[in-house]
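# only geometry, no sequence info:
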């Protein structure tokens with residue numbers, strides 16, 4: 001399978017050069033390879049440890065950008081779509097795609113009994129199109145020369161000198177020392193001794209997660225502790241500022257036997273001392289015998305015996321049957337000196353599982369054998385008993401044989417949930433982390449689960465939580481440097497100094513005590529009470545000075561530097577410094593300053609005044625027409641209307657202002673209109689405040705005054721109608737500029753225009769013989785019909801233009817309102833006067849009352865402005881002039897027009913609902929549906945038919961046949977019948993001519 005399995009002797013692609021860079025530790029080999037990789041258009045590098053891969057990934061990402069760099073390990077995959085540089089562990093390298101540059105680090109690990117066959121395979125088959133580089137120790141040179149004759153070699157000398165210092169007691173080890181042991185019990189014992197004698201030590205072991213190891217290394221690197229106790233896990237890849245390496249043991253268990261370290265292994269660990277140009281030393285401690293002279297000479301001169309054997313395993317596997325797969329795995333290497341690996345975990349697990357009857361039953365096809373082999377490659381990070389790991393692999397395989405072919409989500413969740421606990425000692429947490437790493441690996445096999453990204457995140461979060469908890473346990477147990485430093489420094493308090501970083505972190509002599517956000521200090525509660533009190537007392541003076549300085553900057557800050565978000569929070573310099581709460585009136589909210597007690601006196605007063613002034617200026621600027629209502633030269637009813645509209649953020653149902661509206665004169669209408677107030681058919685509102693920015697601020701002020709938490713979301717932008725959300729009061733939508741009919745909200749300026757069209761239609765001033773088109777039930781709004789000339793957006797634009805010209809939009813001046821209705825004639829129609837409705841808060845959009853039938857003064861003024869005198873009767877008809885009020889028909893049935901539908905952007909069903917709420921009843925069916933206005937005094941009884949089921953007869957003009965009395969008045973009581981033979985019969989003739 002090219003390119004993985006081609007032989008060097010039969011290369012299928014041209015490779016410009018293959019280079020082997022060999023040398024001891026601290027020679028810059030890895031740095032050289034990374035620099036060479038970044039010099040190519042794309043490249044890949046394989047590293048021996050996940051921790052080292054993460055370190056290189058961070059370095060390359062910082063130079064090339066995270067979008068261009070991928071990280072691929074068995075437990076973590078970060079692969080941007082356009083990544084060109086891949087940083088991987090050697091086992092996880094994606095070699096199915098070609099790269100210009102390829103490098104393998106620590107290639108001498110081809111001799112490792114367990115992992116060596118992977119490095120050997122990369123040495124044989126992994127190549128870059130233009131450049132290939134193998135990095136490692138000089139001990140691997142003969143094998144590279146033998147397998148790749150065309151390779152060139154570069155020897156790198158060590159940058160610094162490594163010197164043997166002999167044995168030393170732990171108490172006498174110099175600062176910046178690493179003590180190396182080979183069991184967890186030895187590491188813990190030595191770390192406890194160092195804590196007692198020298199203040200504390202960081203701990204690094206192989207079973208720690210990368211996150212915990214990084215945190216412990218940072219504890220050492222930052223100088224919080226001067227000592228590091230570790231296993232041989234530091235021997236590869238960890239670059240730290242180490243001056244001395246002390247061996248507290250020389251024997252390790254390698255997975256099969258306990259043996260003494262080989263000379264090359266001694267050198268690999270000792271070589272961590274002395275970074276770059278700084279010389280390093282090594283020696284022994286903790287009752288370990290001094291190293292032999294010949295061993296010391298080899299370590300100091302970096303001369304070791306060449307690798308005799310490297311590990312090899314066949315990569316061309318046969319999945320026809322289980323026996324064929326085992327035979328291909330057990331195939332012996334053809335090259336002398338190559339040996340098979342020491343029973344790899346995946347091979348041992350496969351041999352065990354294939355003997356299980358239930359597994360064998362599902363492993364009859366080539367695909368199933370391949371799948372079983374893939375399951376067996378799940379690593380045992382837990383290092384548990386072999387049988388326990390095999391049981392887990394069996395469960396995974398059998399779950400994959402289900403009809404869905406996926407691992408059950410509840411099964412995965414049950415395993416992960418058991419690992420979330422962060423209690424327990426160091427070993428317990430380390431064991432849970434190892435279990436979690438196994439599940440992290442499983443979650444990266446995407447075809448095994450439905451939502452693999454979810455499980456990756458879940459496993460990663462658990463591992464991070466456990467890693468942080470483990471780091472905390474290790475620090476609590478083995479580090480006492482903070483208390484020691486405080487005890488020493490408190491002898492002279494002048495030595496303590498608090499510092500505030502650019503991010504607001506407050507530290508005293510490098511110890512974190514809290515964070516300063518805006519004008520508020522958040523103390524760190526993780527410090528014990530005694531330490532916290534001491535540290536805060538030292539830092540309080542610095543914190544108070546910084547807060548006062550910030551308050552002064554805030555006082556002088558321009559308005560643009562302060563912002564108000566949709567939740568009522570006030571921010572400055574990317575920090576929340578206050579919030580709005582309910583005040584005396586809706587337009588005057590209170591400021592709640594978020595500041596620590598260190599801010600007081602004049603600084604507090606000036607900061608508070610600055611924010612109050614800013615809030616007032618925001619309301620005055622963004623809601624200028626509303627604020628200016630109080631300054632209009634109004635008196636009497638007009639002043640009362642302006643006051644109530646202002647108190648209700650610019651909109652009120654008309655029925656609530658009925659008495660005041662009836663008392664307005666023509667000049668009052670003009671003054672209100674000049675102030676931006678429209679007295680509409682259904683609402684009294686300010687059209688200019690319906691724009692997005694004023695609407696957002698008004699809704700926020702409403703929510704704050706109503707003490708709503710959380711703040712309700714704004715209505716959808718650009719919509720003239722939409723379905724409302726449950727739980728929001730109708731007054732919120734009124735503030736946002738919408739009238740509510742059941743669960744339908746309609747923008748009030750469009751509703752006002754619709755009401756005008758409906759009144760004109762009921763007077764016969766609009767030709768509705770052509771019904772509205774209803775080809776599609778799709779709601780037409782300003783968003784869905786942007787190009788239609790009858791769209792709500794166009795209608796709204798025309799409405800605004802009409803506001804400037806005092807003419808109703810889309811209509812000529814002479815027909816902008818019913819002719820008989822002038823500014824002076826603002827009284828309700830006769831039927832409304834006869835039956836006044838009680839003023840009450842409407843529910844579910846019920847806003848129709850006696851005042852709702854009064855015409856809009858804006859339209860009435862347009863008619864009043866017409867200079868021509870209306871003609872009477874036939875003369876008017878003959879000359880094409882509009883008839884007088886008395887000659888106009890009343891309450892004509894009409895059909896809805898396309899213009900009416902497009903105004904409110906609704907379906908016909910929703911339109912019928914609106915008309916019903918506006919007082920129009922529907923008659924007929926299908927295409928013959930018409931609407932007729934219901935007189936107000938009949939509306940409450942319109943739903944109940946009379947007992948005899950009769951309807952009043954109507955003439956062809958649609959008027960009641962009886963003209964003796966207005967329809968809204970009750971008929972006079974019928975006089976009792978009088979007997980013609982009675983002497984009282986003469987009374988019947990009285991009053992007649």
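Everything's here; your move. Values in this document were obtained by computation on a predicted structure and should not be read as measured data.

# Can you show me the helices along the stretch 551-700 of the chain?
Secondary structure of the stretch 551-700 of the chain by DSSP state H, counting those that start in this stretch: the helices cover 601-622, 624-627, 636-647, 658-662, 666-674, 692-705.

# got CSV for those helices, with mean neighbour count, mean pLDDT and distance to residue 924 too?
For every residue, glycine as well, the C-beta is placed using N, CA and C. As requested, the helices of the stretch 551-700 of the chain are arranged in CSV below (neighbours: other C-beta atoms under 10 Å; pLDDT from 0 to 100; distance: least, C-beta to C-beta, whole Å):
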stretch, mean neighbour count, mean pLDDT, distance to residue 924
helix 601-622, 16, 91, 48
helix 624-627, 18, 88, 44
helix 636-647, 19, 88, 40
helix 658-662, 18, 88, 33
helix 666-674, 17, 86, 38
helix 692-705, 20, 91, 39
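
# Ok, which of those comes nearest residue 338?
The minimum distance between residue 338 and the helices of the stretch 551-700 of the chain falls on helix 692-705, with 73.4 Å, by C-beta to C-beta.

# hang on, residue 93 packs against residue 122?
Yes - the pair residue 93 and residue 122 qualifies as a contact (C-beta atoms under 8 Å) at a distance of 7.3 Å.

# Now do the shared contacts for those two.
Common neighbours of residue 93 and residue 122 (criterion: C-beta atoms under 8 Å, 6 or more residues apart in numbering): residue 46.

# Residue 248 and residue 215: what is the separation?
Applying C-beta to C-beta, to the nearest Å, the value for residue 248 to residue 215 is 23 Å.

# can you give me phi and psi for residue 200?
For residue 200, the backbone dihedrals (degrees, to the nearest 10) come out as phi 150, psi 160.

# which ones are touching residue 380?
345, 389, 438.

# does the last one really touch residue 388, like I thought?
No - the criterion here is C-beta under 8 Å, and residue 438 misses it with residue 388 at 11.2 Å.

# Any figure for the gap between the closest residue to residue 115 other than its chain neighbours and residue 69?
Leaving aside its chain neighbours, residue 115 sits nearest to residue 109 (6.2 Å; criterion: C-beta to C-beta, 6 or more residues apart in numbering). Computed with C-beta to C-beta, the distance linking residue 109 and residue 69 is 24 Å.

# before we move on, what about residue 130?
Distance from residue 130 to residue 69, counting by C-beta to C-beta: 19 Å.

# Show me what the helix or strand containing residue 460 is packed against.
Assigned by DSSP states H and E, residue 460 belongs to helix 452-478. Judged by 3 or more C-beta pairs under 8 Å, 6 or more residues apart in numbering; DSSP states H and E, helix 452-478 is in contact with helix 184-198, strand 202-204, helix 210-221, helix 409-417, helix 426-443.

# now it: how far from the chain's centre is it?
On the basis of C-alpha atoms, centre = their mean, to the nearest Å, the separation between the geometric centre of helix 452-478 and that of its chain is 22 Å.

# how about that helix: buried residues?
Of the residues in helix 452-478, those with enough neighbours to count as buried (16 or more other C-beta atoms under 10 Å) are 452, 455-456, 458-460, 462-463, 465-471, 473-475, 477-478.

# repeat for stretch 565-584
Of the residues in stretch 565-584, those with enough neighbours to count as buried (16+ other C-beta under 10 Å) are 568, 569, 570, 572, 576, 577, 578, 579, 580.

# ends of stretch 199-211, how far apart?
The first residue of stretch 199-211 is 24 Å away from its last residue (C-alpha to C-alpha, to the nearest Å).

# Equivalent analysis for stretch 69-76, please.
With C-alpha to C-alpha as the measure, the first residue of stretch 69-76 is 14 Å from its last.

# Run the chain-centre distance for it.
Going by C-alpha atoms, centre = their mean, the spacing between the C-alpha centre of stretch 69-76 and its chain's C-alpha centre is 24 Å.

# Quick check: mean pLDDT of it?
The average pLDDT for stretch 69-76 rounds to 88.

# so what's residue 748 up against?
Residues 651, 680, 682, 683, 685, 690, 734, 737, 738, 739 are the ones in contact with residue 748 under the rule C-beta under 8 Å, 6+ apart.
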